[in-house]
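> Whatever this is, show me its structure:
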Amino acid sequence: MRRMRGAVLVALLVLVGYAAEGWAVDGRYVDVDVEVFRTWGFLGLGTWEVLDPSFVAVRIDPLPEEDALRVGEILSACELGEAERVGCSTLAEVSYGLVRSYGITPNLDDTYRIVLTNKTARVLGIVLEIDGLNTNGSAEVVGTEVDKKWVLKDGQTVRISGWQVSTDDALAFRFATPSHSHSALTEQRGSIRVHVYLLDPTADGYVKGTEAAELISQPTVQIPFRSATGSPVERIDFNYARGEVGLGFLCEETEGAGIRISNVVAGTIGELRGLREGDVITYISAVPINSCADLVSFLAAKVPGDRVVLKVHRENRVFLLTLELPE
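Here you go, the predicted model:
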């Protein structure tokens, strides 16, 4: 993630810009896109493009007993005419929670943002979790109604690209190596989660809060947002961890000591740290590497976040290069 001094939250929750082509993950209540910024030219110009997710799994969870009881009480109030009609009809369909899981493969160092579209005619409460942290305040996400929420109006689309961490500093979302994550939750790194909550249609006073969102069409924090359930009615997960460590290049044997880089994969730590096709690697962290099998064996004992030192031979020079193993 990139640190930007003097930025303000409004600048991070941008609603205007390039309309990327691609397909959103179609949730029950929200559509979700993960967009990356592709630069072109030397002026830093570029466009936003949608990352194509790959479907992994879907899980259907019955409502917890306490949530089922709460929903039943709200629907009883609806029958007595004590609640807003649209909210009642939406809640009447709630009998289970859905968890959808997807995988995405980003390039390291890409700036990204999350696009959320409220598909319903109701106000929704959304918790956007990055690497285990709530983008609305940076607290660890608990996974219940106590988590601080973004509030989306009916049919509203928002693009969230970071969060404010202090008066003067803000963080933009960036796919990075583990140690550069804003989160200290090691096991959560590499994950994006969208938690969806339905508003209790019998609730009063939920419109309190900043009115700025009315003017700039941004998600706002409406306090209190009284959820109809204690747990989310839907969760959409994206896993962008690579699952195994690698240096980002293809290997070939040499006639002498070391291995030769036959190709450097775009967007990987190898490319970012300046490795080139034709470079010869003779040692990694003082361990001699004389075959591609040696490389595989060495990396098998490593985990994401480990740092290694490569001895690189290039043309008429030899130098050491430190890399952090990504996920």
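> can you give me how far the longest helix along the chain is from the chain middle?
Secondary structure of the chain per DSSP state H: the longest helix is helix 65-79. Distance, stretch centre to chain centre, for helix 65-79: 33 Å (Cα atoms, centre = their mean, to the nearest Å).
> CA atoms of it as CSV?
Output of helix 65-79 as CSV, limited to C-alpha atoms (Å, rounded to 0.1, in the frame of the first residue of the first chain):
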residue,chain,number,x,y,z
GLU,A,65,-30.7,-19.1,16.2
GLU,A,66,-30.5,-15.6,17.7
ASP,A,67,-30.7,-14.0,14.2
ALA,A,68,-33.6,-16.1,13.2
LEU,A,69,-35.5,-15.0,16.3
ARG,A,70,-34.6,-11.4,15.7
VAL,A,71,-35.8,-11.6,12.1
GLY,A,72,-39.0,-13.2,13.2
GLU,A,73,-39.7,-10.4,15.7
ILE,A,74,-39.1,-7.8,13.0
LEU,A,75,-41.4,-9.5,10.5
SER,A,76,-44.1,-9.7,13.1
ALA,A,77,-43.8,-5.9,13.5
CYS,A,78,-44.0,-5.6,9.7
GLU,A,79,-47.3,-7.4,9.7
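> Pull out the buried residues from it.
Across helix 65-79, burial judged by 16 or more other Cβ atoms under 10 Å covers 67, 70-71, 74-75, 78. For the C-beta atoms, the positions are set from N, CA and C on the backbone; glycine is no exception.
> Now render those as TSV, adding distance to Ala228 and pLDDT.
Putting those into TSV (distance: Cβ to Cβ, whole Å; pLDDT from 0 to 100) gives the following:
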residue	distance to Ala228	pLDDT
Asp67	8	93
Arg70	7	92
Val71	6	92
Ile74	6	90
Leu75	10	90
Cys78	11	85
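> which regions of the stretch 51-200 of the chain sit below the pLDDT cut-off?
Residue ranges of the stretch 51-200 of the chain with pLDDT under 70: 82-84, 86, 164-167.
> Going by distance to Asp110, which of the buried residues of helix 65-79 wins?
When those are ranked by distance to Asp110 (Cβ to Cβ), Asp67 comes first, at 37.4 Å.
> re the thing from before, closest one of the buried residues of helix 65-79 to Gly103?
Nearest to Gly103 among these, with distances taken as Cβ to Cβ, is Asp67, at 29.0 Å.
> Leaving out sequence neighbours, find the closest residue to the residue sitting nearest the centre point of the chain.
The centroid of the chain falls nearest to Ile192 when counting by Cα atoms, centre = their mean (3.3 Å). For Ile192, ignoring the flanking residues on the chain, the nearest one in space by Cβ to Cβ, 6 or more residues apart in numbering is Phe238 at 4.2 Å.
> Many thanks, we can stop here.
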